[in-house]
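Asker: sequence-free structure coming up:
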Ligand code: ADP
């Protein structure tokens, strides 16, 4: 195990779109780490609802008041990207047991690829626990207003 000097965390996700639930996890995470990198996983084979470059600039605007948050995108393995960024922590949010089942597997796999990477989970704020990117997409697809779930205007 290496000695940690600067605590750098990445908060990876699809963020399609980035919601108030994601914002809550990121703001809380930024208080725990020296630097938090919000990283949009860019899987080019998958059609996005909001293009990556648009999403990056919207997220940057949300955190214009937070000095230690950076926003970027990456392709390939999360654990490899973490290594490139010299990040020793991977931040994820947990809403429910379904998230836990999924995150548990992913965390073990990431640790296998990069043993220096410690996954840290934040339990969701109950006020945002029901929000998901897929629900926002579904609401908007059928003309319902989902703006209350987003920390910016689409
Ligand atoms: P992925 O496709 O990688 O699961 P998401 O963008 O859906 O990416 O989610 C990124 C992270 O944010 C995950 O750890 C997820 O559990 C967490 N998350 C998603 N929605 C919420 C929410 N409403 N509150 C807190 N955390 C959330």
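Answerer: Looks like it came in fine. Quantities reported herein were computed from a predicted structural model and do not represent experimental measurements.

Asker: Kindly report the residues of the chain close to the ligand.
Answerer: Taking C-beta under 6 Å from any ligand atom as the criterion, the chain approaches the ligand at residues 13-15, 19, 21-22, 25, 92-93, 95, 99, 124, 128-129, 131-133. Backbone N, C-alpha and C define where each C-beta goes, glycine included.

Asker: Quick one: low-confidence residue ranges for this protein.
Answerer: When residues are selected by pLDDT under 70, those of the chain lie in 1-4.

Asker: Going by proximity to the ligand, name the top residue of it.
Answerer: Residue nearest to the ligand within the chain (C-beta to the nearest ligand atom): residue 21, separated by 2.0 Å.

Asker: List the contacts of that residue.
Answerer: For residue 21, the contact set (C-beta atoms under 8 Å, 6 or more residues apart in numbering) comprises 93, 95, 124, 125, 128, 129, 131, 132, 149.

Asker: Kindly recompute the last result at 10 Å.
Answerer: Residue 21 sits next to 93, 95, 124-125, 127-133, 149, 151 when contact means C-beta atoms under 10 Å, 6 or more residues apart in numbering.

Asker: With residue 6 instead?
Answerer: Neighbouring residues of residue 6 by C-beta under 10 Å, 6+ apart: 33, 34, 35, 86, 87, 88.
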